[in-house]
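Engineer: With the input below, show me the fold.
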Amino acid sequence: VALYTDYRSVILDQARDRIKKDLFLSLSGLGYFDDEIVMCRNAAGNLGLGSTTILGDYLLDRDVPLFIVGSGPSIEGELDFIAEHAEKVALISIGTGLRTLLARGVRPDFHVELENTLGTRDIVAVTAEEFALNGITLLASTTVHPEVTKLFDRVVFFFRERVTPTEIFAGNFKVLQPAGPTVANSALVAAIHLGFREIYLFGVDMGTKAEGRFHAKTSVYGAGLMEDRAKPTQTYPGNFGGAATGSHIFDWSRKVIENTLAYYRTVDVYNCSDGVRIEGASPKVSRAISLPEAPIDRDAFHASISEGLARCEPELWRERWLHRQIRAEAKRTFETLRRILADAADNEILDMTWVHDVCDAMSALNNNCRAMASYLSGTLLITIGCVSWYERRIADEEKQQVFLAIAIEEYRTMVGELERQLGEQFDQIDAVLMQ
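Structural biologist: Modelled structure (predicted):
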């Protein structure tokens, strides 16, 4: 990104550097249509085919210490400590941290997954082929692929924020937020909802001090079972001093954790990971942790959690799938968009006023039907951003008119395709929930 400064000052120089550093974070999280389609399809598959258990409220505080275990490289030096004290604490594994624990002979109470792709299924399936997953409860977003849930004998779902299935199905259930962008965020917020108030982070490195790798040697990546595509982009202060390299996604995740901890001030969170420093999570080496002498009563522990969860039948989700209303809103929305774009194309001199009309339509939609806004806003607004970026850089008026004609026509084509795919989605959800 090229940023030009017309007036030099210390404040403006700092602002420029901050924008360049955080631009990715500013543009992240808008969502996009294809992803919303996948998440709604997955949610319907998870919720509509039998009884489901939902983490839909805050549970009572519990005095059980919790270890959240990821697969950052620093976990390698902590596995012996975790194994030694596993009976005295509750354990949550996150993402590829599952195999890291199981390879050391430690079975977590819960395993957290967030992503909606088949890649998550592949990662968990590789682990399941090597280690039995019985007795481990999957704690997952309703948007994970149904093939992931089939790998566990117990599943508890949660609703994540700012996604279409949550707007459609969550109703009066508490939404876990912020549940993303990574499983580390999901696990932390889920742990708080489950009532944990003393939380220790292991292998939640948010970067690495190990040159050339972001995951432990016993993770699916470190073991060579899957390709690790994480790439270092920036350097950050280390949790125990020094510096650690991170990536945009880890930086985003870390900042969200910091905001979460600033909100939940009554929760004590300790960062035992030798990675990037997380503000609000006190650095603590494992040898300084004081734990109860006696093991926790596992049966009583799980029973107390189970009592606070909601058990739901498919009828509930059928009631919340307001298919007639959402189809009617979709029809009105696409009629509005077609009219805006037709008027824009008919102008003798093309301009960008239609962009403001589309933005106004999305704003109104967000007030009238948040599910439809969640489906459409990200893709429509990001595309507008792209059109605006190029339009402002075409100096020749004749070429600018040609560009605008192409842009409006392509936008109309895109809107038509969104309408077609959304109709197919509604039919698919009907087939699952309304049978």
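Engineer: Scan the chain for its longest helix.
Structural biologist: Under DSSP state H, the helix in the chain containing the largest number of residues is helix 397-433.
Engineer: Which strands or helices does that helix pack on?
Structural biologist: helix 33-47, helix 314-320, helix 323-346, helix 370-391 (3 or more Cβ pairs under 8 Å, 6 or more residues apart in numbering; DSSP states H and E). From N, CA and C alone the C-beta is placed, and that goes for glycine too.
Engineer: mind listing what's buried in that helix?
Structural biologist: Going by neighbour count (16 or more other Cβ atoms under 10 Å), the buried part of helix 397-433 is 400, 403-404, 407-408, 411-412, 414-415, 418-419, 422, 425-426, 429, 432-433.
Engineer: try stretch 170-183
Structural biologist: In stretch 170-183, counting by 16+ other Cβ under 10 Å, buried: 170, 173, 175-183.
Engineer: cool, and stretch 218-228?
Structural biologist: Buried, per 16+ other Cβ under 10 Å, within stretch 218-228: 218-223, 225-226.
Engineer: can you give me how far that stretch is from the chain middle?
Structural biologist: For stretch 218-228, the distance from its own C-alpha centre to the chain's C-alpha centre is 22 Å (Cα atoms, centre = their mean, to the nearest Å).
Engineer: Outside of it itself, list whatever touches it.
Structural biologist: Contacting residues not belonging to stretch 218-228 are listed as 71, 76, 96-97, 99-100, 103-104, 122-123, 126-127, 213-217 [Cβ atoms under 8 Å, 6 or more residues apart in numbering].
Engineer: contacting residues around the residue nearest to residue 267 when sequence neighbours are not counted?
Structural biologist: The shortest distance from residue 267 to any non-neighbouring residue, by Cβ to Cβ, 6 or more residues apart in numbering, is to residue 197 (5.4 Å). By Cβ under 8 Å, 6+ apart, residue 197 lies in contact with 61-63, 266-268.
Engineer: same thing with residue 51?
Structural biologist: For residue 51, the contact set (Cβ under 8 Å, 6+ apart) comprises 311-314.
Engineer: Would you check how far apart it and residue 117 are?
Structural biologist: 25 Å (Cβ to Cβ, to the nearest Å).
Engineer: and what of residue 230?
Structural biologist: 16 Å.
Engineer: likewise residue 206?
Structural biologist: Note on residue 206: its distance to residue 117, by Cβ to Cβ, is 22 Å.
Engineer: what about the two, which has more around it?
Structural biologist: Shown here are residue 206 and residue 117; by other Cβ atoms under 10 Å, residue 206 has more neighbours (29 against 14).
Engineer: Is that one within a helix or a strand, and which one?
Structural biologist: Here residue 206, judged by DSSP states H and E, is contained in no helix and no strand.
Engineer: excluding its backbone neighbours, what's nearest it?
Structural biologist: Nearest non-adjacent residue to residue 206 (Cβ to Cβ, 6+ apart): residue 276, at 4.1 Å.
Engineer: With residue 235 instead?
Structural biologist: residue 243 (5.0 Å).
Engineer: swap in residue 282?
Structural biologist: With Cβ to Cβ, 6+ apart as the criterion, residue 282 has its nearest non-adjacent residue at 5.1 Å, and that residue is residue 270.
Engineer: Wasn't residue 187 part of a helix?
Structural biologist: Yes. Residue 187: assigned to a helix according to DSSP: H, G, I helix; E, B strand; the rest coil.
Engineer: Distance of it relative to residue 356?
Structural biologist: 41 Å.
Engineer: Then residue 108?
Structural biologist: 51 Å.
Engineer: higher neighbour count, those two?
Structural biologist: The neighbour comparison of residue 108 against residue 356 (other Cβ under 10 Å) goes to residue 108, with 24 against 11.
Engineer: wait, that one sits on residue 95?
Structural biologist: No. Counting by Cβ atoms under 8 Å, residue 108 sits too far from residue 95 to count as a contact (11.8 Å).
Engineer: Please provide the alpha-carbon coordinates for stretch 398-415, formatted as PDB.
Structural biologist: What follows is stretch 398-415, C-alpha atoms only, in PDB (Å, rounded to 0.1, in the frame of the first residue of the first chain):
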ATOM      1  CA  GLU A 398     -13.500   9.000 -21.900                       C
ATOM      2  CA  LYS A 399     -11.700   5.900 -20.400                       C
ATOM      3  CA  GLN A 400     -13.400   6.600 -17.100                       C
ATOM      4  CA  GLN A 401     -16.800   6.400 -18.800                       C
ATOM      5  CA  VAL A 402     -15.800   3.100 -20.500                       C
ATOM      6  CA  PHE A 403     -14.700   1.700 -17.100                       C
ATOM      7  CA  LEU A 404     -17.900   2.800 -15.400                       C
ATOM      8  CA  ALA A 405     -20.000   1.100 -18.000                       C
ATOM      9  CA  ILE A 406     -18.100  -2.100 -17.600                       C
ATOM     10  CA  ALA A 407     -18.200  -1.900 -13.800                       C
ATOM     11  CA  ILE A 408     -22.000  -1.300 -13.700                       C
ATOM     12  CA  GLU A 409     -22.700  -4.100 -16.100                       C
ATOM     13  CA  GLU A 410     -20.400  -6.500 -14.200                       C
ATOM     14  CA  TYR A 411     -22.000  -5.500 -10.900                       C
ATOM     15  CA  ARG A 412     -25.500  -6.200 -12.300                       C
ATOM     16  CA  THR A 413     -24.300  -9.600 -13.400                       C
ATOM     17  CA  MET A 414     -22.900 -10.300 -10.000                       C
ATOM     18  CA  VAL A 415     -26.100  -9.300  -8.300                       C
END
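Engineer: residue ranges with poor pLDDT in the chain?
Structural biologist: Applying pLDDT under 70 to the chain flags residues 1-4, 20-30.
Engineer: how about a cut-off of 90?
Structural biologist: The model of the chain has pLDDT under 90 over residues 1-32, 48-49, 162, 210-234, 246-249, 366-368, 434-435.
Engineer: Strands of that one, start to end?
Structural biologist: In the chain, the strands defined using DSSP state E lie at 52-54, 66-69, 90-94, 110-113, 137-141, 154-158, 198-202, 234-237, 243-246, 268-271, 282-283, 310-312.
Engineer: So for residue 39, which of these sits nearest?
Structural biologist: Checking the strands of the chain against residue 39 by Cβ to Cβ gives strand 137-141 as the closest, at 8.3 Å.
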